[in-house]
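Participant: Predicted model follows, preceded by the sequence.
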Amino acid sequence: MGKKVLIVGGVAGGASAAARLRRLDESAEIIMFERGEYVSFANCGLPYYVGEVIAERKKLLVQTPENFKARFNIDVRVNSEVTRIFPDKKQVEVREKDGRTYIETYDYLILSPGASPVRPPIPGIEAENIFTVRTIPDVDRIKDFIEKTKPKRAVVVGGGFIGLEMAENLHARGIKTTIVELLDQVMAPLDFEMAAIVHGHIRAAGVDLVLKDGVKAFINENNLTKEVELQSGRRLPADMVVLAIGVKPEVKLAKEAGLEIGERGGIRVNEKLQTSDPYIFAIGDAIEVKDFVTGQYTLIPLAGPANKQGRIVADIIAGRDAKYEGTQGTAIVKIFDCVAASTGANEKTLKRLGIPHAVSFTHPGSHAGYYPGSTAMSIKLIFDPETGKVLGAQIVGKDGVDKRIDVIASAIRRGDTVFDLQELELAYAPPFSSAKDPVNMAGYVAGNIITGDMPVIQWHEIENLDRENTVILDVRTKAEYELGHIEGSVNIPVDELRTRLSEIPRDKEIVVYCQVGLRAYIATRVLMQNGYKVKNLSGGWKTYKAAMDEKKKDK
């Protein structure tokens with residue numbers, strides 16, 4: 001008789017572990033418990049089912065218990081909740097839907113309980129038209145409610161991935177939608193100036209965005225919310241509310257079994273994904289992972305890492321040597337006509353941890369400008385100022401964001417530097433890229449910062465400049481300058497710069513900027529070689545304006 005392995009929870013991690021283990025060990029007895037009705041479903045697809053982008057409900061069902069049995073000889077027990085673990089006896093207690101309980105023994109136990117949506121104790125939160133989005137029954141309730149009551153206004157609480165996707169999909173159903181977010185930005189993995197670009201797209205699509213405000217109470221009538229009262233006193237009319245405030249790891253079972261819980265509230269595991277009991281493994285959204293870049297324990301609830309962890313645990317149980325190297329948090333989201341993606345550490349995290357870092361902003365086209373349909377993207381690259389090791393990246397744009405973030409994510413995983421990004425040979429033809437791919441360009445710009453060829457200043461440092469001893473030089477055309485510029489700046493177009501050097505004082509620091517940073521780089525090189533002390537505004541007027549406009553809205 002082979003090993004007996006019990007798996008608690010299906011969806012991403014649990015189902016991956018089960019299928020992989022069977023591929024490696026035909027003799028193992030594998031039992032998977034799922035307290036809900038569905039063992040393996042595409043939970044990342046749920047918002048798109050609400051918006052009818054995914055039309056057929058059955059498309060969300062990845063595997064059924066019958067399929068698992070036929071293909072993998074796995075005993076899947078749905079509507080079966082594991083309620084207790086007895087690690088000393090290697091047993092679990094299982095409760096079925098009808099209340100019947102029984103004991104099951106194991107050689108190895110894999111916990112994949114996931115994370116549950118946060119529902120804070122806000123007055124009125126029990127109303128029938130307040131929804132969360134985690135399971136198929138959740139979206140069934142939302143779809144049913146929309147079809148029966150035809151709501152006109154929705155409030156989405158939380159500006160993370162699920163909140164933004166739900167806002168887009170409710171808006172697609174013709175429902176006037178407002179997003180309420182407690183922070184000064186949506187999408188916490190992005191830094192402020194990158195999120196500012198996303199805010200512009202959300203507002204342009206006709207969705208209201210309320211930042212730096214939280215929910216105080218839900219004003220209900222007949223157990224239905226009619227208005228959402230905010231901390232500021234503002235009231236938003238609502239026919240339905242979606243809570244997308246975030247998720248917290250499901251650790252009750254592990255905690256009661258005496259397994260170690262980490263400081264961030266997730267199950268603590270080692271690099272082999274073992275809990276404090278070597279026969280019990282834990283994977284997915286319920287565990288604390290090591291941040292691949294910073295080495296800190298953190299919570300990163302993503303489907304990709306959960307699937308990889310499931311596979312690694314199966315390998316280890318089957319006797320293979322494997323370990324989990326950490327999560328770097330590579331993520332992407334589509335918000336209306338905009339795509340936002342990130343990987344590795346953001347600037348906020350590095351600042352908080354005191355990790356030295358430098359930053360560059362570039363705004364390349366998605367493909368060659370002369371081929372129709374090229375759109376601009378904004379790339380923020382974060383790197384070690386000494387070695388150039390890539391620490392993180394954020395990209396906001398339309399086309400081609402996904403492939404650029406994936407290339408940089410791969411570079412981070414290998415420990416590459418910005419100089420390695422310069423060397424990457426990426427696929428080029430005019431419909432797809434430029435001869436210098438946006439990733440190469442980001443590498444060149446970051447390399448120039450490290451070598452001292454292009455000293456930079458960041459958008460948030462402009463307002464603290466000593467204006468007495470600084471000249472801000474706008475090297476765009478006169479027409480561009482007149483459309484909007486940094487207050488107090490002087491305009492000398494880059495093509496006239498060499499003949500007008502006498503107009504620029506030599507005893508002051510010169511801060512140069514253009515639209516995206518390229519012309520200002522050329523100006524920087526001219527001025528530096530003529531003995532001036534110069535800094536280029538990274539990302540140019542485009543980064544500066546988006547961020548400063550958003551800051552003004554804040555006040």
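Facilitator: Received it, and whenever you're ready, just let me know what you need.
Participant: counting contacts, what elements does the helix or strand bottoming out on mean pLDDT in the chain pack onto?
Facilitator: In the chain, no helix or strand scores lower on mean pLDDT, DSSP states H and E than strand 40-41, which sits at a mean of 74. For strand 40-41, the elements it packs on are strand 61-63, judged by 3 or more CB pairs under 8 Å, 6 or more residues apart in numbering; DSSP states H and E. Placement of C-beta: from N, CA and C, glycine included.
Participant: tell me which residues of the strand it packs on are tucked away?
Facilitator: Judged by neighbour count using 16 or more other CB atoms under 10 Å, the buried positions of strand 61-63 are 62-63.
Participant: So what are the sheet partners of that strand and their directions?
Facilitator: Next to strand 61-63 in the sheet, as set by DSSP bridges, lie strand 40-41 (antiparallel).
Participant: Just the CA trace of the helix or strand immediately after the strand it pairs with in the chain, in PDB.
Facilitator: Later in the chain than strand 40-41, the nearest helix or strand by DSSP states H and E is helix 46-50. The C-alpha atoms that make up helix 46-50 are tabulated as PDB, following Å, rounded to 0.1, in the frame of the first residue of the first chain:
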ATOM      1  CA  LEU A  46     -15.300  35.200 -11.500                       C
ATOM      2  CA  PRO A  47     -15.500  39.000 -12.100                       C
ATOM      3  CA  TYR A  48     -15.600  38.400 -15.900                       C
ATOM      4  CA  TYR A  49     -18.500  36.000 -15.500                       C
ATOM      5  CA  VAL A  50     -20.400  38.800 -13.700                       C
END
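Participant: rewinding a little: contacts for the least confident helix or strand of the chain, please.
Facilitator: 10-11, 15, 60-64, 68, 135-136 (CB atoms under 8 Å, 6 or more residues apart in numbering).
Participant: rerun that using 6 Å as the cut-off
Facilitator: Contacts to strand 40-41, defined as CB atoms under 6 Å, 6 or more residues apart in numbering, come from residues 10, 15, 60-63, 136.
Participant: between these, which is closest to residue 397?
Facilitator: residue 60 (28.6 Å; CB to CB).
Participant: isn't the closest one right up against residue 45?
Facilitator: Yes: using CB atoms under 6 Å, residue 60 is in contact with residue 45, at 5.4 Å.
Participant: what sits opposite the residue nearest the centre of the chain in the beta ladder?
Facilitator: When CA atoms, centre = their mean is applied to the chain, the residue found nearest the centroid is residue 331 (4.3 Å). As for beta bridges, residue 331 partners with residue 342 under DSSP bridges.
Participant: tell me the pLDDT at it?
Facilitator: Per-residue confidence (pLDDT) for residue 331: 94.
Participant: Likewise for the one 5 residues further on?
Facilitator: For residue 336, the model assigns a pLDDT of 91.
Participant: ok, it - contacts?
Facilitator: Listed by CB under 6 Å, 6+ apart, the contact set of residue 336 reads 168, 201, 205.
Participant: at 10 Å what do you get?
Facilitator: 164, 167-168, 171-172, 198, 201-202, 204-207 (CB atoms under 10 Å, 6 or more residues apart in numbering).
Participant: again with residue 365
Facilitator: 371, 373-377, 397, 399-400, 433-434, 438, 441.
Participant: Run a quick check on residue 223 versus residue 125, I expect a contact.
Facilitator: No: counting by CB atoms under 10 Å, residue 223 sits too far from residue 125 to count as a contact (11.5 Å).
Participant: Comparing these two, which shows the higher neighbour count?
Facilitator: Neighbour totals were compared for residue 223 and residue 125, and residue 125 leads with 16 against 10 (other CB atoms under 10 Å).
Participant: For stretch 278-288, which residues meet the burial criterion?
Facilitator: Residues 280-288 are the ones in stretch 278-288 that count as buried (16+ other CB under 10 Å).
Participant: Okay, now the unreliable bits of the stretch 1-150 of the chain?
Facilitator: For the stretch 1-150 of the chain, applying pLDDT under 70 flags the ranges 1.
Participant: Tell me which stretches of it form helices.
Facilitator: Shown for the stretch 1-150 of the chain, the helices assigned by DSSP state H, counting those that start in this stretch span residues 13-24, 46-50, 65-72, 136-149.
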